[in-house]
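Chemist: any chance you could fold what I've pasted below:
(one chain, ligands or ions: 3)
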Amino acid sequence: MLNNMTPAVSRALDYARSQSSRFSSRDLLVGLLEEEGLVWEIFEKSGYQPGAVKETLRQQADAEFLRGYDLLQGAGKPFASEGYMDLTSNMLLFDLIEADEELKKILQETVGNFQDLVKSIAPPEMKAIEAEHHLELVDTPDHQAAWRVIDANANRVRESFRVLDDYSRFVLNDPHLTQTAKSLRHDFAKIVEQFPAGLVSSRDTDYDVGTQIQAAGEYRRNSTAEIAMVNCKRLQESLRSLEEYLKIESSALGQDCEQLRYQCYTLEKMLAVRQVSPQKLFDARLYVLLTGSECESSLEWTIKEAAEGGATMFQLREKNLEDRILLERARAVRRWTRETQTLFIVNDRPDIARLVEADGVHLGQDDMPLTEARKLLGIQSIIGVSTHDIVQVRQAIRDGANYIGVGPTFPSTTKAFDAFPGLDFVKAVAAETTLPFFVIGGVDANNTCEVVKAGGKRVAVSSALAKAKDPRLAALKLVRLLGGES
Ligand SMILES: Cc1ncc(COP(=O)(O)OP(=O)(O)O)c(N)n1
Ligand SMILES: Cc1nc(C(=O)O)sc1CCOP(=O)(O)O
Ligand SMILES: [Mg+2]
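Modeler: Ligands and ions are numbered 1, 2, ... in the order given. Sure, this is the predicted structure:
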């Protein structure tokens with residue numbers, strides 16, 4: 001075996017030992033996957049679901065596998081000739097798969113690309129894999145104390161990430177947020193992989209004066225949303241503490257924690273925006289964009305009729321009015337939307353939205369940036385963003401949009417476009433996020449079924465309602481096609 005092992009391998013070994021004194025190769029592999037670091041990433045890149053692999057392995061009978069100690073005897077041999085000094089987690093993975101036929105068979109039978117997996121860990125490609133670094137554990141009382149703090153906070157960070165992962169996945173059901181939380185968790189695992197191998201020895205729970213002290217209310221939460229927010233704060237505080245105490249050991253790792261903390265603020269913003277958005281936004285199916293001069297009849301009548309037919313959200317989209325007239329019109333629309341108990345969004349203009357106490361503003365890619373508009377309007381206002389590709393969708397989510405417009409889907413008589421991302425874009429957004437999104441651009445009763453088939457649950461329309469002789473009936477039809485109640 002190579003002379004030393006990296007901290008990740010050492011922790012995997014600790015895990016295997018904790019399972020049984022006669023631990024098996026399976027326990028070692030589960031230990032490597034428990035790290036959620038390099039090995040996890042290798043599995044993921046090879047098309048496996050590492051969490052599922054871990055569960056499959058756990059369910060196997062222990063007797064089928066080789067003894068872990070036997071396997072460790074020769075571990076890393078193929079790599080030693082390449083000049084490697086330490087046994088790293090990907091070397092151990094290679095040895096496990098090479099030596100244990102049972103493990104190999106299970107991995108071949110599990111969904112994923114076994115060939116890719118083997119290729120990515122075979123010795124010649126080793127140099128392409130990010131090297132693991134690790135710090136020395138300096139053995140003075142002060143350093144030991146610092147490492148105790150670091151170890152405790154690393155555990156808090158891992159735990160909080162797990163809570164946020166679960167919230168994004170099981171409460172919000174959101175692929176984009178789940179992926180974001182997971183990728184931050186993996187970034188953190190990469191930082192932890194660089195901690196010294198003997199770190200667990202600085203853990204001293206028996207003498208930890210904090211284990212018996214509980215803050216009042218620590219066991220009481222009122223909602224899953226509160227749990228998520230509390231854990232966002234806990235995560236940030238723990239990262240801050242890590243950042244400080246790591247400065248004694250490695251300024252680079254301290255900076256990594258700082259960067260991660262900033263990314264966690266973004267995650268918090270993305271989660272918080274779901275919680276403050278009014279229920280009416282989640283319930284909205286039909287969103288109507290209106291320009292006074294484009295309405296077949298008066299703006300007031302169109303709003304009231306459309307609301308009777310089931311439209312629950314209106315946007316005042318005036319492109320050519322002087323500010324005084326726009327302000328006056330926006331005030332009137334605010335009155336009518338209050339009367340109909342519908343949401344009112346002003347297009348393009350956060351200042352007008354604020355003055356008339358609208359529910360929010362809609363911003364295009366060339367309008368004021370969302371983050372600036374948020375400063376004017378605050379967290380309680382709805383801010384929607386137009387998106388035309390998936391990169392813009394991801395950015396809008398990161399910036400804290402309450403909803404997005406997704407289009408143009410079909411040719412429109414209201415606005416001319418050169419390109420149409422169309423229904424493929426709708427499908428991509430539906431697979432990416434559970435943030436409310438409105439399919440827009442030429443949507444009417446003739447194509448709403450296609451929108452629904454592509455995964456759209458909400459539409460934003462202009463001419464289909466503004467030009468309708470009977471906006472109430474037109475709204476009713478669209479809402480029915482969307483599968484909602486009118
Ligand atoms: C719901 C919704 N989606 C998209 C738009 C378009 O906004 P933008 O790209 O800024 O274009 P204009 O409407 O300002 O011409 C929208 N208004 N509403
Ligand atoms: C203003 C606007 N923005 C779009 C976008 O895709 O960003 S589509 C669009 C026009 C919507 O009107 P109609 O329903 O009459 O086509
Ligand atoms: Mg605009």
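
Chemist: report pLDDT for the residue of the chain found nearest ligand 1.
Modeler: When scored by C-beta to the nearest ligand atom, the chain has G364 as its residue closest to ligand 1, at 1.8 Å. Where C-beta positions appear, they are placed from N, C-alpha and C, glycine not excepted. pLDDT, G364: 98.

Chemist: who are the neighbours in contact with it?
Modeler: Contacts here follow C-beta atoms under 8 Å, 6 or more residues apart in numbering; on that basis G364 touches 348, 385-386.

Chemist: leaving out sequence neighbours, find the closest residue to the residue nearest in space to the middle of the chain.
Modeler: With distances taken as C-alpha atoms, centre = their mean, the residue of the chain nearest its centroid is L177 (1.8 Å). If the residues on either side of it in the chain are set aside, L177 comes closest to S168, at 3.8 Å by C-beta to C-beta, 6 or more residues apart in numbering.

Chemist: what about the one you found, neighbour count?
Modeler: Using other C-beta atoms under 10 Å, S168 is surrounded by 25 other residues.

Chemist: relative to Y403, how far out is it?
Modeler: Computed with C-beta to C-beta, to the nearest Å, the distance linking S168 and Y403 is 18 Å.

Chemist: near ligand 2, which residues of the stretch 301-450 of the chain?
Modeler: By C-beta under 6 Å from any ligand atom, the part of the stretch 301-450 of the chain that sits against ligand 2 consists of 386, 405, 407-408, 412-415, 440-443.

Chemist: for the residues you listed, which one is nearest ligand 3?
Modeler: Sorting these by distance to ligand 3 puts S386 at the head of the list, at 6.8 Å, by C-beta to the ion.

Chemist: does that closest one touch G405 like I think?
Modeler: Yes. Taking C-beta atoms under 8 Å as the definition, S386 is a contact partner of G405 at 4.5 Å.

Chemist: and the two? Which one has more around it.
Modeler: Neighbours were tallied for S386 and for G405 using other C-beta under 10 Å; the higher tally belongs to G405 (25 against 22).

Chemist: what sits up against the host helix or strand of that one?
Modeler: In this structure, G405 is located in strand 403-406 according to DSSP states H and E. Contacts of strand 403-406 with the rest of the structure, by C-beta under 8 Å, 6+ apart, involve 277, 281, 362, 382, 384-387, 393, 396-397, 421, 425-426, 429, 435-440, 456, 460.

Chemist: swap in stretch 61-69?
Modeler: 16, 20, 22-28, 99-100, 102-103.

Chemist: that stretch - what's its average pLDDT?
Modeler: For stretch 61-69, mean pLDDT is 81.

Chemist: what about the closest residue to Q19 other than its chain neighbours, how many neighbours?
Modeler: Closest residue to Q19 apart from its sequence neighbours, by C-beta to C-beta, 6+ apart: D27 at 4.6 Å. As a burial measure, the neighbour count of D27 was computed by other C-beta under 10 Å and equals 23.

Chemist: okay, now the domains of this structure?
Modeler: 4-125, 141-276, 279-482 (automatic domain parsing).

Chemist: could you check the pLDDT of S486?
Modeler: At S486, the model reports a pLDDT of 40.

Chemist: please apply the same query to T6.
Modeler: Per-residue confidence (pLDDT) for T6: 77.

Chemist: am I right that it is in contact with V192?
Modeler: No. T6 is not in contact with V192 according to C-beta under 8 Å; the separation is 11.6 Å.

Chemist: my guess is A373 meets I382, correct?
Modeler: No. Using C-beta under 8 Å, A373 is not in contact with I382, being 10.8 Å away.

Chemist: those two: which has the busier surroundings?
Modeler: Remark: of A373 and I382, I382 carries more neighbours, 26 against 23, as counted by other C-beta under 10 Å.

Chemist: give me every residue that touches the residue nearest to the centre of the chain.
Modeler: In this structure, L177 makes contact with 168, 267, 270-271, 397, 433, judged by C-beta under 8 Å, 6+ apart.

Chemist: swap in R398?
Modeler: Taking C-beta under 8 Å, 6+ apart, one finds 266, 270 in contact with R398.

Chemist: out of the residues of the stretch 301-450 of the chain next to ligand 2, which sit inside strands?
Modeler: Cross-referencing those against strands under DSSP state E gives 386, 405, 440.

Chemist: heading C-terminal from the worst-scoring helix or strand of the chain on mean pLDDT, find the next helix or strand.
Modeler: Taking mean pLDDT, DSSP states H and E as the measure, the chain has helix 77-80 as its least confident helix or strand, at a mean of 69. Along the chain past helix 77-80, the next helix or strand (assigned with DSSP H and E) turns out to be strand 86-87.

Chemist: got a pLDDT number for the nearest residue to G292 once chain neighbours are set aside?
Modeler: Nearest residue to G292, sequence neighbours excluded (C-beta to C-beta, 6+ apart): L299, at 4.7 Å. On the pLDDT scale, L299 is placed at 96.

Chemist: correct me, but L299 touches V333?
Modeler: Yes. In terms of C-beta under 8 Å, L299 counts as a neighbour of V333; the distance is 7.0 Å.

Chemist: which one of these two has more residues nearby?
Modeler: V333 (24 against 21).

Chemist: now do the contacts for that one.
Modeler: Applying C-beta under 8 Å, 6+ apart as the definition, the contact partners of V333 turn out to be 299, 303, 314, 316, 344, 356.

Chemist: near ligand 1, which residues of the stretch 301-450 of the chain are found?
Modeler: For the stretch 301-450 of the chain, the residues in contact with ligand 1 (C-beta under 6 Å from any ligand atom) are 315, 317, 347-348, 362, 364, 367, 384, 386, 405, 415, 438, 440.

Chemist: put the buried members of those into a ChimeraX selection.
Modeler: Buried members of these, identified by 16 or more other C-beta atoms under 10 Å, are gathered into one ChimeraX selection as follows:
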select :315,317,347,348,362,367,384,386,405,415,438,440
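
Chemist: I'd like the residues of the stretch 301-450 of the chain next to ligand 1 as JSON lines, with distance to ligand 3 appended.
Modeler: As requested, those are exported to JSON lines (distance: C-beta to the ion, whole Å):
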{"residue": "Q315", "distance to ligand 3": "10"}
{"residue": "R317", "distance to ligand 3": "8"}
{"residue": "N347", "distance to ligand 3": "6"}
{"residue": "D348", "distance to ligand 3": "4"}
{"residue": "H362", "distance to ligand 3": "7"}
{"residue": "G364", "distance to ligand 3": "3"}
{"residue": "D367", "distance to ligand 3": "5"}
{"residue": "G384", "distance to ligand 3": "10"}
{"residue": "S386", "distance to ligand 3": "7"}
{"residue": "G405", "distance to ligand 3": "10"}
{"residue": "K415", "distance to ligand 3": "10"}
{"residue": "F438", "distance to ligand 3": "14"}
{"residue": "I440", "distance to ligand 3": "12"}
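
Chemist: so after the helix or strand hosting R162, what's the next helix or strand?
Modeler: R162 belongs to helix 141-166 when assigned by DSSP H and E. Heading C-terminal from helix 141-166, the first helix or strand you meet, by DSSP H and E, is helix 175-192.

Chemist: now the next helix or strand after that next one: buried residues?
Modeler: From helix 175-192 onward toward the C-terminus, using DSSP H and E, the following helix or strand is helix 224-246. Of the residues in helix 224-246, those with enough neighbours to count as buried (16+ other C-beta under 10 Å) are 225, 227-229, 231-232, 234-236, 238-239, 241-246.
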